[in-house]
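Chemist: Please work out how this folds:
(2 chains)
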Amino acid sequence: TQLLEQSPQFLSIQEGENLTVYCNSSSVFSSLQWYRQEPGEGPVLLVTVVTGGEVKKLKRLTFQFGDARKDSSLHITAAQTGDTGLYLCAGGGTSYGKLTFGQGTILTVHP
Amino acid sequence: DSGVTQTPKHLITATGQRVTLRCSPRSGDLSVYWYQQSLDQGLQFLIQYYNGEERAKGNILERFSAQQFPDLHSELNLSSLELGDSALYFCASSAGQGGRNQPQHFGDGTRLSIL
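Modeler: Numbering: from 1, shown residues only, chains lettered A, B, ... in the order given. Okay, the predicted model is just below:
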């Protein structure tokens, strides 16, 4: 069974601070996706990384896939209150579209 | 708006009952996925259908079943409901059979409460 350990579970920071969320596994994934979920809504895809060592930037968000495709990180620079939400990493395996999700990180950015 | 429609948004029922959750995928998407989200287990993959056929199965209980119809909408049937089945049930869709470069688009979920 593939498992994804996501940390930290909770993050409470002030606006303007930087933060990093980690996603680790002992299994290799064919891809790693990051989602953001707000209350009452479904997860919304932020990015997909597929190549070991890949780095993708989306404005203030930087995503990295580990060289061995077992881990990933999400770094947010100068957090804003609008970044508040649940961040989920999800690993894609070889079984078609099955995604294995981490437990999530609840981010709260205070003004 | 992801384009994935789930109904109903909320469902309240009692133990032992049976319910049906419905999902309409994004226009043109052939795969439908069902996930269960609970506080203790997080988001768990249940099952995937592609163009009417089952493609992948997760830890779906025997009391749960799903199907995808010719018009590509899908239904998830939950029977002999137990208190522990209370959760958010999400449907997602993707264009093809799934894979590294095929993003999944999620609906807003059905919140199931068992009393």
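
Chemist: List the neighbours of stretch B:59-70 that are in contact with it.
Modeler: B:32, B:34, B:44-47, B:49-54, B:74-81 (C-beta atoms under 8 Å, 6 or more residues apart in numbering or on different chains). (Glycine included, C-beta is placed from N, CA and C.)

Chemist: redo that, cut-off 10 Å
Modeler: A:1, B:18, B:20-21, B:23, B:25, B:30-34, B:36, B:41, B:44-55, B:57, B:73-82, B:84-85, B:89, B:91 (C-beta atoms under 10 Å, 6 or more residues apart in numbering or on different chains).

Chemist: filter the residues you listed to the buried ones?
Modeler: The neighbour-count criterion (16 or more other C-beta atoms under 10 Å in any protein chain shown) marks B:21, B:23, B:25, B:30-34, B:36, B:44-50, B:55, B:74-76, B:78, B:81, B:85, B:89, B:91 among those as buried.

Chemist: Flag the shaky bits of the chain, pLDDT-wise.
Modeler: No chain specified, so I'll use chain A. Chain A contains residues with pLDDT under 70 at A:1, A:94-96.

Chemist: Let me rephrase: I mean chain B.
Modeler: B:99-101.

Chemist: Do a quick rundown of the helices in it.
Modeler: Using DSSP state H, chain B contains no helices.

Chemist: Would you map the strands across it?
Modeler: B:5-7, B:10-13, B:19-24, B:31-38, B:42-50, B:53-57, B:64-68, B:74-78, B:87-94, B:105-106, B:110-114 (DSSP state E).

Chemist: any chance of these in TSV, plus distance to A:I13?
Modeler: Listed next are the strands of chain B as TSV, based on distance: least, C-beta to C-beta, whole Å:
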stretch	distance to A:I13
strand B:5-7	33
strand B:10-13	33
strand B:19-24	36
strand B:31-38	25
strand B:42-50	22
strand B:53-57	37
strand B:64-68	39
strand B:74-78	38
strand B:87-94	26
strand B:105-106	26
strand B:110-114	29
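
Chemist: nearest to A:S73, of these?
Modeler: Of all the strands of chain B, it is strand B:42-50 that lies closest to A:S73, at 18.8 Å by C-beta to C-beta.

Chemist: Just the CA trace of that closest one, in PDB.
Modeler: Taking C-alpha atoms only, strand B:42-50 is exported to PDB below (Å, rounded to 0.1, in the frame of the first residue of the first chain):
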ATOM      1  CA  GLY B  42      -8.500  11.900   4.800                       C
ATOM      2  CA  LEU B  43      -9.300  11.500   1.100                       C
ATOM      3  CA  GLN B  44      -9.500   7.900   0.100                       C
ATOM      4  CA  PHE B  45      -9.900   6.600  -3.500                       C
ATOM      5  CA  LEU B  46     -12.800   4.300  -3.900                       C
ATOM      6  CA  ILE B  47     -13.300   3.400  -7.500                       C
ATOM      7  CA  GLN B  48     -12.700   4.600 -11.100                       C
ATOM      8  CA  TYR B  49     -14.900   4.100 -14.200                       C
ATOM      9  CA  TYR B  50     -13.800   4.800 -17.700                       C
END
